[in-house]
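Asks: Below is the sequence, then the predicted model.
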Amino acid sequence: MWMKEYFQLQIKILNRRMIDFGLPILIGYAILPFVFVLLSNYLFEKIEFANYVYGLVALIFVSKLSEPKRNDFLKSIFNTYNYKKLRILENIIYCLPFTLFLIYKKQFVFSILFNLSVISTMLFNFCTNLNAVIPTPFGKKPFEFTEGFRKSFYVFPIAYFLTYISVSVGNFNLGIFSMLLIGIICFSYYSKIENDYFVWNYNLSPKEFLLEKTKTCVLFFTILILPIIITLGFSFINQIDILIVFILLCYAYLTTIIFAKYSSFPNEMSISQGILIGLSLVFPPILILFIPLFYSQSIKKLNTILND
């Protein structure tokens, strides 16, 4: 009974997060599996040794369940036996989509090893929010990169290691994936809506504010992917044009998410904005229309806080 109530609570929390994001629950449960399968298929089609990369992404995902504060709280509620039982089942459920897709790809042995690894993570507490102040290559502004980097710093060595592997095995697509991984992480930095005061404190016009945000984002993202750009540029000189295209796409999507964020400020992005961004992921050229649209909407919203 207690376990059923616990997972019912987790479902309610997930539903609440989708609602807060502006995504209707039924649409969310319909879209998320579709996006998951689409991205999983793309990974296996484009990258050699995709199962290892896939497993690594899944382990990063499930490691969030092993944060010390969260587990200390669970230990204070449940006895040792129930705690271990809950954590094992929770890890298996969280990685079930990955497991099912591995089975679909006939990766039977790897799926078994993967699940054993997932279960073993419950033995450890991974502190993704360390008490020590993690140094960053960024200044205090913008807060998105400073705060985001400290929460996701462990992803960057993984991305750089994947780049090393891509060169070792001669797989350019894996190197591109490592760059996109950093792009996705930076993309997530702009999901948090700050207080009006932090926008007003810039003391800029709406146009200057958006330009400052975009310039800083592009600069800091470039710093993070620079080792990947240099490595792939020298190792796959014949495909440098493709590398440049993906870099420009990352810039375009980061610009889009910034404009989309402030187009609904101080509220979270709406379902309509989420759908538009989703469409742009399927058909990137449509960004030519969406970027100016989000930009004009952002100017209108920011005019209530910032003065021209």
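Replies: All right, it came through fine. Numbers count the residues shown, from 1 in each chain.

Asks: In what element of secondary structure is residue 98 found?
Replies: Under the assignment given by DSSP states H and E, the secondary-structure element containing residue 98 is helix 96-104.

Asks: other SSEs contacting the biggest helix by length in the chain?
Replies: Scanning the chain for the helix with the most residues, using DSSP state H, yields helix 206-235. For helix 206-235, the packing partners by 3 or more Cβ pairs under 8 Å, 6 or more residues apart in numbering; DSSP states H and E come out as helix 143-152, helix 155-169, helix 172-188, helix 240-263, helix 287-302. Where you see a C-beta, it was placed from the backbone N, CA and C, and this is true even at glycine.

Asks: and the fourth one, average pLDDT?
Replies: Across helix 240-263, the average pLDDT comes to 91.

Asks: now the angle from it to helix 143-152?
Replies: Using axes from the mean of the first three to the mean of the last three Cα atoms, to 10 degrees, one finds that helix 240-263 and helix 143-152 are set 110 degrees apart in direction.

Asks: Flag every buried residue along whichever helix or strand comes after helix 240-263.
Replies: Where DSSP H and E defines the elements, the next helix or strand beyond helix 240-263 is helix 271-282. By 16 or more other Cβ atoms under 10 Å, the buried positions in helix 271-282 come out as 273, 274, 276, 277, 280.

Asks: Also stretch 161-171?
Replies: Of the residues in stretch 161-171, those scored as buried under the neighbour-count criterion (16+ other Cβ under 10 Å) are 162, 163, 165, 166, 167, 171.

Asks: and of the buried residues of helix 271-282, the nearest to residue 3?
Replies: Closest approach to residue 3 among the buried residues of helix 271-282 (Cβ to Cβ): residue 274, at 32.5 Å.

Asks: buried ones in the longest helix of the chain?
Replies: Of the residues in helix 206-235, those with enough neighbours to count as buried (16+ other Cβ under 10 Å) are 206, 209-210, 213-214, 216-218, 220-221, 224-225, 227-229, 231-232.

Asks: same thing with stretch 76-86?
Replies: Residues of stretch 76-86 classed as buried: 78, 83, 86 (neighbour count, 16+ other Cβ under 10 Å).

Asks: and what of stretch 98-109?
Replies: By neighbour count, and taking 16+ other Cβ under 10 Å as the criterion, the buried residues in stretch 98-109 are 98, 99, 101, 102, 105, 107.

Asks: Please, which helix or strand holds the residue nearest to the second one when sequence neighbours are not counted?
Replies: With Cβ to Cβ, 6 or more residues apart in numbering as the criterion, residue 99 has its nearest non-adjacent residue at 5.4 Å, and that residue is residue 111. Residue 111 is part of helix 108-120, with elements assigned from DSSP H and E.

Asks: what about that helix, distance to the chain center?
Replies: On the basis of Cα atoms, centre = their mean, to the nearest Å, the separation between the geometric centre of helix 108-120 and that of its chain is 23 Å.

Asks: need the helix or strand of this protein with the lowest average pLDDT.
Replies: For the chain, using mean pLDDT, DSSP states H and E, the weakest element among its helices and strands is helix 196-200, scoring a mean of 72.

Asks: okay, it in CSV with CA atoms only?
Replies: Extracted C-alpha coordinates of helix 196-200, given in CSV (Å, rounded to 0.1, in the frame of the first residue of the first chain):
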residue,chain,number,x,y,z
ASP,A,196,11.2,40.5,-12.5
TYR,A,197,13.9,42.2,-10.4
PHE,A,198,16.7,40.3,-12.1
VAL,A,199,15.5,41.5,-15.5
TRP,A,200,14.9,45.1,-14.4
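
Asks: Turn the helices and strands packed on helix 206-235 into JSON lines, columns for distance to residue 52.
Replies: Conversion of the helices and strands packed on helix 206-235 to JSON lines gives the following (distance: least, Cβ to Cβ, whole Å):
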{"stretch": "helix 143-152", "distance to residue 52": "21"}
{"stretch": "helix 155-169", "distance to residue 52": "9"}
{"stretch": "helix 172-188", "distance to residue 52": "10"}
{"stretch": "helix 240-263", "distance to residue 52": "22"}
{"stretch": "helix 287-302", "distance to residue 52": "32"}
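
Asks: thinking again about what came up before, the buried residues of stretch 76-86 in helices, which ones?
Replies: Residues from these lying in helices, with DSSP H as the criterion: 83, 86.

Asks: now the buried residues of stretch 76-86 as a markdown table including distance to residue 34 and pLDDT?
Replies: Compiled in a markdown table, those are given as follows (distance: Cβ to Cβ, whole Å; pLDDT from 0 to 100):
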| residue | distance to residue 34 | pLDDT |
| --- | --- | --- |
| 78 | 35 | 85 |
| 83 | 35 | 85 |
| 86 | 30 | 87 |
